[in-house]
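Trainee: sequence plus the predicted model coming up.
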Amino acid sequence: MLDKPWRAAQRQGMGAYREAYERSITDPDGFWRSAAEAIDWVRPPGRILDDTEAPIFRWFPDAELNTCHNALDRHVRDGRGDQAALIHDSPVTGSVRARTYRELRDEVALFAGALRRLGVERGDRVIIYMAMVPEAVVAMLACARLGAVHSVVFGGFGAHELAARIDDAQPRVVVATSCGIEAGRVVPYQPMLEAALAESDHAPAHCVILQRPEAAFTLTPGRDLTWADAVDGAEPADCVPVRATDPLYILYTSGTTGKPKGVVRDNGGHAVALRWSMEKIFGVRAGEVFWAASDVGWVVGHSYIVYGPLLLGATTILYEGKPVGTPDAGAFWRVVEQHRVAAMFTAPTAIRAVRKEDPEGKLLAGRDVSALRLLFLAGERLDTRTYDWARELLGIPVIDNWWQTETGWPIAASPRGLEELPTRPGSPSVPMPGYRVRIVDASGVDVAPGGEGSIVLGLPLPPGCLPTLWRDDERYVRSYLSTFQGGYLTGDGGTFDPDGYLYVLGRTDDVINVAGHRLSTGSMEEALSAHPAVAECAVIGVADELKGQVPRGLVVVRDGAAVHPAELVGWVRERLGPVAALRRIDVVAALPKTRSGKILRGTMRGIADGRDEPVPATIENPAVLDALRPVLRPGGVAGS
C-alpha cells in the first residue's frame with residue numbers, strides 16, 4: 001500500500017505530483033535537502049535525518065537557523081520591506097491596519113528586546129493568552145527571534161485548562177490582552193488569568209498586558225506591566241541562532257488522562273515544510289495575499305496565519321471576526337474583495353454557516369472577488385453539499401485537505417503548486433510528499449482499495465511534524481507509535497479508492513458496532529447533509545442494551561426550511577439501505593462546537609450514554625450544549 005498513491009497517480013498521468021511523491025519516499029534525503037535550499041541557514045544542514053533514537057526522529061540535526069529571520073528580516077533584506085506583511089482586519093472594532101515587513105520586523109525586534117529585559121532567553125517559555133490582535137503575532141515572532149519557546153493559549157480559555165498549560169510549560173512570562181471582543185460582547189480575560197495563576201503551581205516572573213480600551217486589566221504591582229511600559233526604552237533584539245532541532249513552540253491538545261499533550265514543533269523541519277507547503281500545496285506566490293480565517297490558538301493559525309505566509313514572503317490576514325454576524329454572512333466576501341485575497345483557507349463549518357444564512361449567495365452579488373482563485377477547506381469533514389455549493393457560488397476550485405495539530409501541515413491535498421489534480425467530493429485527494437499513508441486492519445495488515453481501516457502514517461514522519469511531546473518522549477511513543485509497529489496512529493479511519501484518492505471517514509471511535517455490524521457515522525452524516533433542508537448535522541453512536549450501539553442524528557435545518565425527522569430517517573435509509581439503522585433524528589437549533597468549528601461529538605455521545613459530561617474548555621458557546629442536554633440524555637424528548 002505504501003507505493004499505491006504514486007502508482008495510481010502515474011496511471012492517471014499525474015507527472016509532477018508523482019515525481020515529487022516518489023522522490024520523497026525513495027530519496028527523502030535528496031528531496032528535503034532540495035526543499036531546505038529555500039531557507040536561510042546560519043549553518044546549512046549537512047545531515048538530513050537523524051534516526052539514531054528511532055522511533056523518535058530529528059530532521060536537519062546539525063543545522064542552525066532563526067525562524068524569525070526567515071519570516072521577516074530576510075524579506076526586508078531582499079527588497080520586500082515596503083510590502084504589506086500583516087493586515088489586521090477587525091470588524092468587531094471597526095478597524096483595519098496593515099504592517100509592512102519592515103514595520104513588523106521592527107515591532108517584533110523591539111518586543112523581543114522587552115522580553116529579554118524581563119529575563120527571557122533562548123530555551124525559556126512564554127505563554128501567549130491573547131485575542132486576535134497584531135500583538136499576538138508580534139509576541140510569537142519575538143519569542144522565535146530570541147530562541148524562546150512560545151505556547152499560544154486561546155484568549156478566554158478556561159482557567160483550569162490555562163493553569164495546566166502554565167504548569168506544564170513553566171513560562172517565564174505570560175503575555176495577555178485585557179479582553180477579547182466578539183459580536184455584541186466583551187470578554188474580560190483577567191478573571192480567567194488570575195484564577196489560572198492561583199491554581200497553578202508555577203508562578204511566572206511577569207505578565208505583560210496589552211490594555212484594550214473595551215476592558216481594562218487591573219495590574220498587580222511587581223508582577224504585571226503593560227505592553228506599552230514593557231517596550232518603553234527597550235533595545236531591539238537581534239535574531240538568535242538556534243539548532244534546527246530546538247523547539248519553536250508548544251501547542252497543547254486535550255489528553256485522555258486529563259493532562260494536555262504538548263505537541264512540539266521544531267525550528268528547522270517546521271520552516272522547511274511550511275515554506276514548501278505554501279508554494280507547492282497552496283499554490284501561493286511571494287507578494288500575494290493569503291487568508292487563513294482561523295485563530296492563532298489553533299494549529300491553522302500557527303501554520304497558515306503566521307509562519308507559512310511570512311516564510312514565503314506573502315501578505316497574511318489576521319481577522320478578528322466571524323463568518324456571520326460581523327456584520328452578516330457576506331463578511332468573508334468583503335474581506336476577499338477589500339484585500340484582493342488570492343487564496344483562502346477556512347473550515348467547512350464556516351462555509352456552512354454562510355450557506356445557512358445566505359443559501360442563494362445574494363451577499364456575494366456586487367463583490368469583486370476576482371482575485372480569489374483557490375478556496376481550501378480543512379479541520380473537519382467536508383460534506384459534498386458544502387463542497388458543491390462553494391464551488392458553484394465562487395466558480396473556483398474548492399480543495400479539501402486533511403491534517404492534524406500533530407502534523408502541522410497537510411497529510412493529503414491536491415497540491416496546486418505541483419499539479420492541478422482533479423478533486424473528488426468527499427476526498428482530500430492524495431497523500432502529500434513525505435507521508436507514507438496506509439490503511440490497515442486491526443492486525444496492522446494493509447487493506448485493499450475500497451476497504452476501510454485505520455489510517456496509519458509510516459515512520460519517519462516528514463519534516464514539520466511533531467518530533468515528540470513536550471518533555472515526554474514516553475507518552476509520545478505510547479500515544480502515537482505503539483499500536484502499529486513502525487507507524488504513527490492518526491486516530492482516523494479511512495479508505496483508498498482504486499486511483500489512490502484518500503477518503504477520511506472520521507475518528508475511529510466514531511465507527512460504531514450495531515449488532516455486530518461496523519458502521520461509519522461519517523457515512524451517515526454525508527447522506528444526511530445531502531438533504532436540501534439540512535444546514536449541518538452530526539451522527540453519534542449511543543449505547544443500546546440490545547444492539548450494543550445505535551446511531552443517533554442531530555440536525556440543524558437551513559433558514560426558512562422545515563422537515564420532519566421521519567423524512568430524514570427515510571432519506572438516509574434510501575441512500576445507505578436498512579443497514580444504516582438510523583432511526584432517531586432530532587431537529588435542534590444548533591450543534592455544540594469548539595472555537596475551530598469542530599462538532600463536539602464525543603461530549604454529546606457521553607451525555608447520550610448517561611454520563612455527566614463537563615463543558616469542554618474549547619467550546620464556542622456553552623449555552624448550545626446546555627440546551628441539548630435534556631434532548632441527548634437517555635429518555636430525552638425527541639425533536640420535531
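Mentor: Great, that's in hand.

Trainee: can you list the low-confidence ranges for the stretch 1-150 of the chain?
Mentor: Scanning the stretch 1-150 of the chain for pLDDT under 70 picks out 1-14.

Trainee: what ranges do the strands span in it?
Mentor: Assigned strands in the stretch 1-150 of the chain, in chain order: 49-50, 58-59, 64-65, 84-90, 95-100, 125-129, 149-152 (criterion: DSSP state E, counting those that start in this stretch).

Trainee: closest one to Pro171 among those?
Mentor: Relative to Pro171, the nearest member of the strands of the stretch 1-150 of the chain by C-beta to C-beta is strand 125-129, separated by 4.3 Å. All C-beta atoms are positioned from the backbone trio N, CA, C, and that covers glycine.

Trainee: now for that closest one, which elements pack on it?
Mentor: Under the contact criterion of 3 or more C-beta pairs under 8 Å, 6 or more residues apart in numbering; DSSP states H and E, the helices and strands touching strand 125-129 comprise helix 134-146, strand 149-152, helix 159-169, strand 173-177.

Trainee: of those, which is nearest Pro44?
Mentor: Among the helices and strands packed on strand 125-129, the nearest to Pro44 by C-beta to C-beta is helix 134-146 (19.3 Å).

Trainee: next one: the closest one to chain centre, how far?
Mentor: Taking C-alpha atoms, centre = their mean, to the nearest Å, the mean C-alpha location of helix 134-146 is offset from the chain mean by 19 Å.

Trainee: hmm, Val341 and Leu374 touching each other?
Mentor: No. With the criterion set as C-beta atoms under 8 Å, Leu374 and Val341 do not qualify as a contacting pair; they are 9.8 Å apart.

Trainee: between these two, who's got more neighbours?
Mentor: Per other C-beta atoms under 10 Å, whichever of Leu374 and Val341 has more neighbours is Val341, with 25 against 20.

Trainee: the more buried one and Phe290 touch, don't they?
Mentor: Yes. When contacts are counted by C-beta under 8 Å, Val341 is listed as touching Phe290 (7.3 Å).

Trainee: what sits in contact with each of these two?
Mentor: Common contacts of Val341 and Phe290 (C-beta atoms under 8 Å, 6 or more residues apart in numbering): Ile317.

Trainee: biggest helix in the chain, by residue count?
Mentor: For the chain, the helix reaching the highest residue count under DSSP state H is reported as helix 101-117.

Trainee: contacting residues around that helix?
Mentor: Under the criterion C-beta under 8 Å, 6+ apart, residues 68, 72-73, 75-76, 80-86, 99, 126, 135, 137-139, 141-143, 145-146, 148, 173, 208, 227, 230-231, 234-238, 313 lie in contact with helix 101-117.

Trainee: could you do stretch 524-537 as well?
Mentor: Identification of contacts with stretch 524-537 by C-beta under 8 Å, 6+ apart yields 349, 352, 355-356, 381, 383-386, 426, 506, 538-539, 551, 553-559, 561-563, 568, 571-572, 575-576, 580, 582, 585, 591, 599.

Trainee: dump that stretch to PDB, restricted to CA.
Mentor: Backbone C-alpha positions of stretch 524-537 (Å, rounded to 0.1, in the frame of the first residue of the first chain) are rendered in PDB as follows:
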ATOM      1  CA  MET A 524     -24.500   8.600   7.700                       C
ATOM      2  CA  GLU A 525     -23.600  12.300   8.100                       C
ATOM      3  CA  GLU A 526     -22.600  12.500   4.400                       C
ATOM      4  CA  ALA A 527     -26.000  11.100   3.400                       C
ATOM      5  CA  LEU A 528     -27.900  13.300   5.900                       C
ATOM      6  CA  SER A 529     -26.200  16.500   4.900                       C
ATOM      7  CA  ALA A 530     -27.200  16.000   1.300                       C
ATOM      8  CA  HIS A 531     -30.900  16.700   2.200                       C
ATOM      9  CA  PRO A 532     -31.800  20.100   0.900                       C
ATOM     10  CA  ALA A 533     -33.300  21.200   4.200                       C
ATOM     11  CA  VAL A 534     -30.200  20.300   6.300                       C
ATOM     12  CA  ALA A 535     -27.700  23.100   7.100                       C
ATOM     13  CA  GLU A 536     -25.500  20.900   9.300                       C
ATOM     14  CA  CYS A 537     -25.700  17.600  11.200                       C
END
